[in-house]
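Q: How does the following fold in three dimensions:
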Amino acid sequence: MAKKQTVAFIDDLDGREIDIDDAHTVSWAWSGVDYQLDVSAMNLDKIENGRVPLAKLLTASTRVGGRRQSTAPKIHTAPKPATTASAGSGADFPGPATREIRRWATDAGYEVPARGKLPQSILDAYTAAH
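A: Okay, the predicted model is just below:
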């Protein structure tokens, strides 16, 4: 007994049988997920010209890969509080606020930068003096 198998191509958008020469596979992605669908030339033209709603494309397509991107908010940790000098001073020196050290260094005759990290030589001199 002989067997004959036939393959029918079906348009995923409208459910109609399409000729193999008229079949087009469309690959596309949305939100990190890859999709595919088979359509006729007529429906391909509709897709390419934006006349098929996204919801219909999603419903008619087959998911073929990728991961859906998370819509959950990212969690950010709070910065560590300053444990040494005044908050935001940028000093890595345990002890008094850099403002106090700057005042002492200026009174002691040191050339002190108005902003930024204090030179280690000034910090060492302040430590030795106190």
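
Q: which ones are touching Glu17?
A: Ala8, Phe9, Ile10, Asp11 (Cβ atoms under 8 Å, 6 or more residues apart in numbering). All C-beta spots, glycine's among them, are computed from the backbone N, C-alpha and C.

Q: In the residues you listed, which residue is surrounded by the most others?
A: Asp11 (21 neighbours; other Cβ atoms under 10 Å).

Q: Quick check, that one in contact with Asp38.
A: Yes. The pair Asp11 and Asp38 passes the contact test of Cβ atoms under 8 Å, sitting 6.7 Å apart.

Q: Now list whatever residues contact both of the two.
A: In contact with both Asp11 and Asp38: Ile18, using Cβ under 8 Å, 6+ apart.

Q: What are the boundaries of the helices in this structure?
A: Taking DSSP state H to define them, one finds helices in the chain at 41-48, 54-60, 98-107, 120-129.

Q: can you put those helices in TSV and add mean neighbour count and mean pLDDT?
A: Shown next, in TSV, are the helices of the chain (neighbours: other Cβ atoms under 10 Å; pLDDT from 0 to 100):
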stretch	mean neighbour count	mean pLDDT
helix 41-48	16	96
helix 54-60	13	95
helix 98-107	17	88
helix 120-129	14	88
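
Q: Export those to a markdown table and append columns for distance to Thr25.
A: Converted to a markdown table, the helices of the chain look like this (distance: least, Cβ to Cβ, whole Å):
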| stretch | distance to Thr25 |
| --- | --- |
| helix 41-48 | 10 |
| helix 54-60 | 13 |
| helix 98-107 | 67 |
| helix 120-129 | 68 |
